[in-house]
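*Asks:* only geometry, no sequence info:
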C-alpha cells in the first residue's frame, strides 16, 4: 500500500510540475472540447467497467457516463469481481490545457465528482458510491480521439461504508 501511495504522490507531483512550468497552451483547432461534442468508447468509472461516453455541455464542463459490468471500486476491486451491472455519471470541469503540440495533440486535464449504482449478479445487493476525479487527457487533434487516465478516490456508501483512497480509471473515446 505504501508503494502505491508513493507512486500516486509522485505522479501527482510530476503532473503539477508540468502544469506549472509548461508554456501556456496555444489555441489549436481542437475537434473534441467543443459544446455539443459527444465521445463514445470504452472505459471505467466509479463502479462500472464497459462503455464510456462524454458530452461537452460547454468548452469548460462536461458529463461523463459509464455503463457496464459491476467491477466494484478501488484498485483492489476493479477487476476482481466482474459480475452484475453498474452505471455512473461524472460532472467534470475542463481545466486549461497543459501543453499543445501544434495541430497534433493536446494534453489537458479535468477535475470533478461522480456517483454510481451497481447490482451484483444473483444477489439483491445494491451498491452506491461517490468519487472525486482528477483526469489527465491526451486529445489527438487530427483524429478526434481522447485517451484519459483518471485518479479516482471513492467512497462506497451502500452496502457498507468503505473508502478507497487509491483508484485509477481510464477511457478511450472517438468524438463526433
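*Replies:* Structure's in. What do you need? Because the structure is a prediction, the values reported are computed rather than measured.
*Asks:* what about residue 52, how many neighbours?
*Replies:* By the criterion of other Cβ atoms under 10 Å, residue 52 has 26 neighbours. Just so you know, the C-beta spots here come from the backbone N, C-alpha and C atoms, and that holds for glycine as well.
*Asks:* report the contact partners of the most centrally placed residue in the chain.
*Replies:* Geometric centre of the chain, nearest residue: residue 150, 4.4 Å, by Cα atoms, centre = their mean. Residues in contact with residue 150, defined by Cβ atoms under 8 Å, 6 or more residues apart in numbering, are 133-136, 168-171.
*Asks:* of those, which belong to helices?
*Replies:* Residues of the contacts of residue 150 located in helices (DSSP state H): none.
*Asks:* out of those, who's the most crowded?
*Replies:* Among those, residue 169 has more neighbours than the rest - 28 neighbours, counting by other Cβ under 10 Å.
*Asks:* for the nearest residue to that residue once chain neighbours are set aside, which residues are in contact?
*Replies:* Closest residue to residue 169 apart from its sequence neighbours, by Cβ to Cβ, 6 or more residues apart in numbering: residue 44 at 4.0 Å. When contacts are counted by Cβ under 8 Å, 6+ apart, residue 44 touches 52, 66, 71, 78, 169-171.
*Asks:* can you give me the helices in the protein?
*Replies:* Using DSSP H, helices in the chain cover 2-21.
*Asks:* for it, what helix or strand is lowest in average pLDDT?
*Replies:* Sorting the helices and strands of the chain by mean pLDDT, DSSP states H and E puts helix 2-21 at the bottom, at a mean of 50.
*Asks:* export the contacts of residue 150 to TSV and tack on pLDDT and distance to residue 94?
*Replies:* What follows is these, written out as TSV (pLDDT from 0 to 100; distance: Cβ to Cβ, whole Å):
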residue	pLDDT	distance to residue 94
133	96	12
134	97	12
135	96	10
136	96	12
168	90	20
169	92	17
170	94	18
171	96	14
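*Asks:* list just the nearest of those residues to residue 127.
*Replies:* residue 169 (15.9 Å; Cβ to Cβ).
*Asks:* so where do the strands sit in this protein?
*Replies:* 38-44, 48-58, 61-70, 85-101, 105-119, 126-140, 145-151, 154-158, 162-164, 168-175 (DSSP state E).
*Asks:* lowest-confidence stretch among those strands?
*Replies:* Sorting the strands of the chain by mean pLDDT places strand 162-164 lowest, at a mean of 84.
*Asks:* just checking: what are the partner strands of that strand?
*Replies:* strand 154-158 (antiparallel) (DSSP bridges).
*Asks:* the partner strand versus strand 126-140: what angle between them?
*Replies:* 150 degrees (axes from the mean of the first three to the mean of the last three Cα atoms, to 10 degrees).
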